[in-house]
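1. Following is a predicted model, sequence given first.
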Amino acid sequence: MAEELIKKILVPIDGSKVSQKALDYAGWVAGKTGASITLLHVIDADKFKANYEAMDRFQPDWKDKIKGTDDIKRFSPFFEEELSCMLEDPVCKRANNVLKEMAKYAEKYKVKPKTILKLGRVVDTIVQVADDEKIDQIIIGKTGLTGIRRMLMGHVAEDVAKYAGCRVTVVPE
C-alpha cells in the first residue's frame, strides 16, 4: 500500500484553459495527499525546428559539455537540461511567463510548485521528466482533438498515458 502513495505530481502545462483545469485537479489531489507539484512546460522541438546549431540560442556552451555518447543523449535537443534561455528570446519569454503565471495560480492551493522548462518532443520529454523526477502521478489536460487533426497531430495526453511509467490522470476539457 505504501508504494501507492502519491508524493510527487507532474502537471504538463501549455497555458491553455485545459492545462489550468489539470492544475486545479492536481492542487486538489495535493491538498488531500500532501504531494508536491512540478509544473513542466515543453517547447516543442518539432514545431520549433530545433537542431544542434539552434541549441546555441539556449545553451551556448553545450558542445563543451559533451564528453561521450552518454552525454550526447543527455544534451540532445530531445532530453535537454533545464533551458537557460536568453531573456530576449520570444519563445523562452512566453514559456517562462506561462510557468510563472501557472505557479502563481497554484498558490491558491497553498503549494509552491517546482517549475521546469524543457526543449524537446513533447510526449518524450514529459515521460523522461516523470522518470527523472521519480513522479508518482502525471495529471494532464486533454485537448479534445478529433478526426483528421487527431490522426495527423497525435494526442499528447493519450500518448503520455500509453508510455509513462507511472499513473496518469487525464482531465477533460
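-> That came through, no problem. If you're wondering where the values come from, they're calculated on a predicted model, not measured in any experiment.
2. When you work out contacts or count neighbours from here on, use the C-alpha atoms and nothing else.
-> Will do.
3. and the gap between residue 104 and residue 162?
-> 30 Å (Cα to Cα, to the nearest Å).
4. max-length strand in the protein?
-> Using DSSP state E to assign secondary structure, the strand with the most residues in the chain is strand 36-44.
5. That strand pairs with which strands, and in what direction?
-> Within its sheet, strand 36-44 is paired with strand 8-12 (parallel), strand 114-120 (parallel), according to DSSP bridges.
6. Comparing these, which yields the minimum mean pLDDT?
-> For those, the weakest mean pLDDT is recorded on strand 114-120, namely a mean of 87.
7. and after the least confident helix or strand in the chain by mean pLDDT, which helix or strand comes next?
-> Lowest mean confidence among the helices and strands of the chain (mean pLDDT, DSSP states H and E): helix 69-74, at a mean of 44. Note on helix 69-74: by DSSP states H and E, the next helix or strand toward the C-terminus is helix 90-106.
8. which residues touch that next one?
-> By Cα atoms under 8 Å, 6 or more residues apart in numbering, the list of residues contacting helix 90-106 from outside reads 13-15, 20, 23-24, 27, 39-41, 43, 85-87, 112-113, 115, 117.
9. Can I get the buried part of these as one ChimeraX selection?
-> The ChimeraX command for the buried members of the contacts of helix 90-106 (criterion: 16 or more other Cα atoms under 10 Å) is given here:
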select :13,14,15,20,23,24,27,39,40,41,43,85,113,115,117
